[in-house]
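In: Okay, sequence plus prediction incoming.
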Amino acid sequence: GPKVLQIPSHQIIDMGQMVTLNCDPVSNHLYFYWYKQILGQQMEFLVNFYNGKVMEKSKLFKDQFSVERPDGSYFTLKIQPTALEDSAVYFCASSLKDCQDTQYFGPGTRLLVL
Amino acid sequence: DAKTTQPDSMESTEGETVHLPCSHATISGNEYIYWYRQVPLQGPEYVTHGLQQNTTNSMAFLAIASDRKSSTLILTHVSLRDAAVYHCILLTSSSFSKLVFGQGTSLSVVP
């Protein structure tokens, strides 16, 4: 199926630092998503993004989080500053249309905040 | 968000057919039924989806009850690669849909 890429696959940083997670969505997709999964727990929705704007975000999407997709390049999730509880696997997804369209996921970025 | 109920775990043997049930008693008429699966350390993989009619693709057959209150994902000739957590998710008709993952059914496949 369609491929979503995520860079890096792993990231270790010190608490308080900034981190940027990169997502290369399916080439013709227009809608982008971030999900968070803590080890051993359910995956949870963070945010979705379309046409340069955040359309919906969950309670997990703290003020320290931001997303953007400058000039059609990577779709990014930035955390500044990071906290210990941000340690998780972050999955990016994309879809061609919005409601009720199939979302395709990347392999995830494993973030460890020390 | 509309909820689904799935068994926590199931086991199958290689080569068999496995039926993964999902209950969604409060499903709305315009909600699609999506199935994803996830193996450890990987992103969720789309399996199939449907609205009212049964659907089939190279991965699975989705049987949807006539009242739409339940569905069953049917995997034929399962292999060890099919071992994963299978999620049954209802996708609402609102714009900018988000997937709400539950615990899913952990399918183990033995040789």
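Out: Noted; the coordinates are in hand.

In: Just list whatever residues bridge to A:V113.
Out: A:I13 (DSSP bridges).

In: quick one, what contacts it?
Out: By C-beta atoms under 8 Å, 6 or more residues apart in numbering or on different chains, the contact list for A:V113 reads A:I13, A:D14, A:M15, A:T82, A:A83, A:L84, A:E85, A:D86, A:S87. C-beta here means a position set from N, CA and C on the backbone, and glycine is covered the same way.

In: let's see it at 10 Å
Out: Each residue near A:V113 by C-beta atoms under 10 Å, 6 or more residues apart in numbering or on different chains is listed here: A:11-17, A:19, A:79, A:81-88.

In: Equivalent analysis for A:T109, please.
Out: A:6-11, A:19, A:21-23, A:77, A:88-92.

In: Mind doing that once more with 7 Å?
Out: Contacts here follow C-beta atoms under 7 Å, 6 or more residues apart in numbering or on different chains; on that basis A:T109 touches A:Q6, A:P8, A:S9, A:Q11, A:L21, A:V89, A:Y90.

In: now for those residues, which pair is the farthest apart?
Out: A:P8 and A:V89 (12.2 Å; C-beta to C-beta).

In: Please say which of the two ends up with more neighbours.
Out: Neighbours were counted for A:P8 and for A:V89 using other C-beta atoms under 10 Å in any protein chain shown; A:V89 has more, 21 against 13.
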